[in-house]
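> Just a sequence and a predicted model for now, questions to come.
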Amino acid sequence: MPPLSLPLADESATAALAARLAPLLRPGDAVALHGTLGAGKTSFARGLIRAMAGDAEAEVPSPTFTLVQTYDTLAGTVWHFDLYRLQLAEEVWELGWEEARAEGIAVIEWPERLGGLLPADRLDIALAFAAEGPRRAELTGHGGWAARLAALGAPEP
């Protein structure tokens, strides 16, 4: 399946896309959020975690300094990683990576820092500024995610 490319007019649209994705997630999943600084990775993660928790007002701080935050949600424990400050991929083991992969749902900002530790079976979401118009989200499913991404379908009006 080719990548699914969707416009994101504003932060509300980003949260709405995250909410549409939330029901597809289950323990063992990895969602890799790609994009430059300010592209909306943390906003997307925040919307996703709030939707999964069933609480639109849940406090979801950026894990920029803690590197990881965990959240108990209706679908299981979500591990929100921000790997921007990681020096070596192997440092992720100290953050609970093994437990997150075995029992949780991993939402990963700056996934390129993982190198070969990035799971092959994952959902990649690339957030980018468009030359003209709104930001865009490009969703690419790898492994089992290819079929699951098809369930997301076309954008809602």
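Right, received. Where do you want to start?
> what are the ranges of the strands in the chain?
For the chain, the strands defined by DSSP state E occupy 4-8, 30-34, 68-73, 76-82, 105-109, 123-128, 135-141.
> Let's have these in CSV, adding mean neighbour count, distance to L21 and mean pLDDT.
Quick note: C-beta positions are derived from backbone N, CA and C, even for glycine. Listed next are the strands of the chain as CSV, based on neighbours: other CB atoms under 10 Å; distance: least, CB to CB, whole Å; pLDDT from 0 to 100:
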stretch, mean neighbour count, distance to L21, mean pLDDT
strand 4-8, 17, 11, 87
strand 30-34, 24, 8, 97
strand 68-73, 18, 13, 95
strand 76-82, 23, 12, 96
strand 105-109, 27, 10, 97
strand 123-128, 21, 8, 95
strand 135-141, 20, 8, 92
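> Format the ones you listed as a markdown table; extra columns: distance to L95.
Compiled in a markdown table, these are given as follows (distance: least, CB to CB, whole Å):
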| stretch | distance to L95 |
| --- | --- |
| strand 4-8 | 28 |
| strand 30-34 | 14 |
| strand 68-73 | 5 |
| strand 76-82 | 7 |
| strand 105-109 | 10 |
| strand 123-128 | 20 |
| strand 135-141 | 25 |
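> Looking at these, spot the one closest to L24.
Closest approach to L24 among those (CB to CB): strand 123-128, 8.4 Å.
> Strand partners (parallel or antiparallel) of that closest one?
strand 30-34 (parallel), strand 135-141 (antiparallel) (DSSP bridges).
> what residues does stretch 62-79 touch?
22, 25-27, 42, 48-49, 52-54, 58, 60-61, 80-86, 95-96, 99-100, 103-107, 109 (CB atoms under 8 Å, 6 or more residues apart in numbering).
> Only the buried subset of those residues, as a PyMOL command please.
Remark: buried members of the contacts of stretch 62-79, expressed as a PyMOL selection using 16 or more other CB atoms under 10 Å:
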select buried, resi 22+25+42+48+49+52+53+60+80+81+82+83+86+95+96+100+104+105+106+107+109
